[in-house]
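> A structural model of the following input is requested.
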Amino acid sequence: MKKSTEEASFYNNLEKMSIDDLLININYEDQKVAKVISKEIPHITKLANTIVKKMASGGRLFYIGSGTSGRLGIVDASECPPTFGVSKNMVVGIIAGGDSAIRASVESAEDNMSQAWEDLKSHNITKKDVVVGISASGTTPYVIGGLKDCQKHNIYTGCITCNKNMPILKVSDSPIVLLVGPEFVTGSTRMKAGTAQKMTLNMLSTSVMIKLGHVIDNKMVDMHINNKKLEKRAIQIIQNMSTLKETEALELLKKYGSVRKVLNNI
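The predicted structure is shown next:
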């Protein structure tokens, strides 16, 4: 199986480049990512629409991955509760090797084809849920095994990969293929492939949360307010969406605890 992400870099003798040239060339490669993603918007749309329908009926979204891909899924999942005020169990990121693999590589964890299903079962996975496998290569056994087991149990699957004609596509109901090509440093998929996956995850979860009603106009009305910076942002949102003065907005925010509740009671 030929993987474009593993092909030789377009650039040679990197160690002889100046820092300025290195950064210019990395940036040039990164600029290609958004254009690649734009071609996949119809497929991202299909997956997002399915997730919205499943979540609106009580389902959840799971990401499974290993290494950089797994960490990116965890980052996206962990940002949904504070940004959109949803339960931490609504979007769940699972990485091969468990939580210890978030900070350090866990040897051979990604090679276990049965572990992802065991990890998903620990969250009481059901047919209401959606599982998205994230794998730059498209060949990660942990992810492929997990998606295959999901399909056996009639659980809807999606994937985000950066290579075509890979095994992961055969076990994905909604595949997203981001053909970013060779990395600046040959094979280092934490670079363009990682950037493409992160951008796509942002698009996916944000569009889903908006359609589920967690944003009004362009405001995060359900965000968790747990520090002074977010309190200030909440007050600004309330003022922007009402005629309240700052002191009045703060008083009501302390009373009701959220931007949405304030707006519903004025």
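> can you get me a residue count around the spatially closest residue to residue 22 that is not a sequence neighbour?
Nearest residue to residue 22 in three dimensions, chain neighbours excluded: residue 14, at 6.8 Å (C-beta to C-beta, 6 or more residues apart in numbering). Using the backbone N, CA and C atoms, a C-beta is placed for each residue, glycine as well. Using other C-beta atoms under 10 Å, residue 14 has 14 other residues around it.
> also residue 226?
A count of neighbours around residue 226, defined by other C-beta under 10 Å, yields 9.
> in the protein, which spans are strands?
For the chain, the strands defined by DSSP state E occupy 61-65, 91-95, 130-135, 156-161, 174-177.
> and of these, who's closest to residue 207?
strand 61-65 (12.1 Å; C-beta to C-beta).
> now find how far off-centre the closest one is within its chain.
Its chain's C-alpha centre lies 8 Å from the corresponding centre of strand 61-65 when counted by C-alpha atoms, centre = their mean, to the nearest Å.
> which strands and helices sit next to that strand?
In terms of contacts (3 or more C-beta pairs under 8 Å, 6 or more residues apart in numbering; DSSP states H and E), strand 61-65 is packed against helix 41-56, helix 67-84, strand 91-95, helix 115-121, strand 130-135, helix 141-152, helix 192-211.
> to the chain's geometric centre, what's the distance from the fourth one?
Just to be clear, that refers to helix 115-121. Averaging C-alpha positions (C-alpha atoms, centre = their mean) puts helix 115-121 19 Å from its chain's average.
> and that helix, what's buried?
Of the residues in helix 115-121, those buried by neighbour count under the rule 16 or more other C-beta atoms under 10 Å are 115-117, 119-120.
> just the last one next, same as before
Under the neighbour-count criterion of 16+ other C-beta under 10 Å, helix 192-211 has 192-198, 200-201, 203-209, 211 buried.
> endpoint to endpoint, stretch 123-142 covers what distance?
With C-alpha to C-alpha, to the nearest Å as the measure, the ends of stretch 123-142 fall 17 Å from one another.
> tell me the mean pLDDT for that stretch?
In this model, stretch 123-142 has an average pLDDT of 97.
> for stretch 32-42, same thing?
Averaged across stretch 32-42, the pLDDT comes to 98.
> centre of the chain to it, how far?
Chain-centre distance of stretch 32-42: 16 Å, with C-alpha atoms, centre = their mean.
> got it, and stretch 188-202?
Per C-alpha atoms, centre = their mean, the centroid offset for stretch 188-202 relative to its chain is 10 Å.
> and for stretch 176-186?
Taking C-alpha atoms, centre = their mean, one finds stretch 176-186 lying 18 Å from the centre of the chain it belongs to.
> for it, which positions count as buried?
176-184.
> just give me the closest of the residues you listed to residue 260.
Nearest to residue 260 among the buried residues of stretch 176-186, with distances taken as C-beta to C-beta, is residue 176, at 31.5 Å.
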